[in-house]
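>>> Any chance you could fold what I've pasted below:
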Amino acid sequence: MGLGLLWMQSYVWLLSWLYGLVVLSWLPILVGALQLSLARWKTPKPSVVLAPLCERLPRITILLPVYKEANMLAQLNEMLRSLDYSAAKLECLLLIEAEDRETAQAAVCIDWPVFCKIMSVPKGDHMSKPRACNYALARATGDLLVIFDAEDKPHPQQLREAAARFKSGDARLACVQAPLEICADPKNWRQSQFALEYKMLFRVILPCLSRASGALPLGGTSNYFRTRLLRKLGGWDAYNLTEDADLGVKLARSNFHTQTLNLPTLENAPDSLGVWYRQRTRWLSGHIQTLAVHIRRAPANTLALWRWLICILVLTGRLASGPTHVLALLWVGQNMSEHGFNAREEMGLLLPFIGHFALFLLLIALAPADSLARRIWLAMSHNLYWVMSLPPLLNAMKRMALGQLSWLKSAHQPYDSELDTGLYAPSEPAPITPSAPALIKRRMAELS
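Numbers count the residues shown, from 1 in each chain. Coordinates of the predicted model:
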């Protein structure tokens, strides 16, 4: 009905405003991209720095909030055992809601690593992932703290990279975000688009934002925090549906900064359209919540104000992207059907699409496909994927207007062994700092 009304009336003003918001949200990303390009020009192949196992490693607390996910516990146990980190320096808290008897019964039957503890989260006025994490935060003993979802499979050496990054960072470094990579079926268009969206976000947008200002809306998992600072900030908003993005803005308001890591965490793509729709509705609802909370109080500090503004622009641009794609395609179709196409007369209106063409080339480079034809197809159809986000956005707006804050939790499934083959086999192995025994052994071999 809304699209029908827009077709009959003038909507160019609405498209102009939305497109302006999207362009503004990309300005700090472009600034960061320029800075990264200059840095890569000076150092073409930046190395991954890992904390040596022979040094005094920081103690890390891993939070694993699970709910009705007994089917994921065996995979979680395997993931914890694969971590390349000293077990004496790890603490893992498996967070299970008190009413979730099935997951609790399955958890006690598994032989967990020695550093893993099962923690029952008591009942409260509501049930959510950030509430469970806040309960565990008060009891965590680690210097650093990280959250993994039930489906997550972090790179075995990711914890060592995070430890090295905090050691080399200053006191204002409060968080490091690991990139999330999607394990998708290459024959499934929707899953491939989901994987492309994540590559664009975690391999391009967030590193550029981190370089430009150190402020970015965090992803929902694989965030490493200084535990002391996280407690000082009050932890997560227990009622926010995207507590990660909210905490990212909170860090920016407090003039702390965030960096991005190189070693990734694998996640599964949504296995059905319904799961994708619920997940997208939850994300967009949380973005609306975050904007409603933080846009009303700008920080007084100039640098914090700049970081806060970048977070606000990025979240606003994300909300505006879906309607902008719909209205832009509607405008193009209407003009082509009514007036035809005259390049000389409409060149001014085509200028915005020059930037879109540059983005199209970037999408081709990032597309998760082997053949060039498949990459071009995924890049060309990415607009349709963003058009699909309009119904979840409308649903999110309705839910926020009615005050509906239910969790809308996504169901997770174990990895498909056929899709999981070789995902952590990099084309160029990251340089690893050898431990002291390895150095001694190598030196003895050289002398002999």
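
>>> Surely Ile62 touches Leu94?
No: counting by C-beta atoms under 8 Å, Ile62 stays clear of Leu94, with 9.1 Å between them. In short, each C-beta sits where N, CA and C put it, glycine included.

>>> where does Pro113 fall, helix, sheet strand or coil?
coil (DSSP: H, G, I helix; E, B strand; the rest coil).

>>> How much space separates Ala195 from Ser406?
Using C-beta to C-beta, to the nearest Å, Ala195 is found at 28 Å from Ser406.

>>> okay, those two: which has more neighbours?
Ala195 (24 against 12; other C-beta atoms under 10 Å).

>>> list the contacts for that one?
181-182, 184, 269, 368 (C-beta atoms under 8 Å, 6 or more residues apart in numbering).

>>> Please identify which of those is nearest to Gly32.
Glu181 (20.5 Å; C-beta to C-beta).

>>> okay but Asp152 is in contact with Thr265, surely?
Yes: using C-beta under 8 Å, Asp152 is in contact with Thr265, at 5.2 Å.

>>> Quickly list what's touching both of those two.
Common neighbours of Asp152 and Thr265 (C-beta under 8 Å, 6+ apart) are 221-222.

>>> For stretch 208-219, give the mean pLDDT please.
The average pLDDT within stretch 208-219 is 90.

>>> Which residues does that stretch contact?
Contacts of stretch 208-219 (C-beta under 8 Å, 6+ apart): 28-33, 35-36, 39, 172, 175, 177, 180, 201-202, 206, 242, 244-245, 247-249, 251-252, 256-260, 290, 306-308, 310-311, 314-315.

>>> For PyMOL, write the select line for the buried members of the residues you listed.
Here is the PyMOL command that picks out the buried ones among these, judged by 16 or more other C-beta atoms under 10 Å:
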select buried, resi 28+29+31+32+33+36+175+177+180+201+202+206+242+244+245+247+248+249+251+252+256+257+258+259+260+290+306+307+308+310+311+314+315
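
>>> so of the contacts of stretch 208-219, which ones are in helices?
The helices, defined by DSSP state H, take in 28-33, 35-36, 39, 206, 244-245, 247-249, 251-252, 290, 306-308, 310-311, 314-315 from the contacts of stretch 208-219.

>>> Tell me the secondary structure at the spatially closest residue to Asp111 that is not a sequence neighbour.
Sequence neighbours aside, Asn77 is the residue nearest to Asp111 in space, at 7.5 Å (criterion: C-beta to C-beta, 6 or more residues apart in numbering). The three-state assignment at Asn77 reads helix, by three-state DSSP.

>>> what's the neighbour count on Asn77?
For Asn77, using other C-beta under 10 Å, the count is 17.

>>> Quick check: it touching Ile110?
Yes: counting by C-beta under 8 Å, Asn77 does reach Ile110; the two are 5.4 Å apart.

>>> Show me where the stretch 51-200 of the chain has its helices.
73-81, 101-108, 129-137, 158-168, 189-200 (DSSP state H, counting those that start in this stretch).

>>> nearest to Ser410, of the ones you listed?
Of all the helices of the stretch 51-200 of the chain, helix 129-137 comes closest under C-beta to C-beta, at 10.7 Å.

>>> can you tell me which residues contact Phe148?
62-64, 79, 154, 221-222, 265.

>>> can you do 10 Å?
62-65, 76, 79-80, 92, 154, 158, 178, 221-223, 265, 267 (C-beta atoms under 10 Å, 6 or more residues apart in numbering).

>>> ok, the residue positioned nearest the centre of the chain to Leu94 distance?
Centroid-nearest residue in the chain, with C-alpha atoms, centre = their mean: Gly219, separated by 2.9 Å. Distance of Gly219 to Leu94, computed by C-beta to C-beta: 21 Å.
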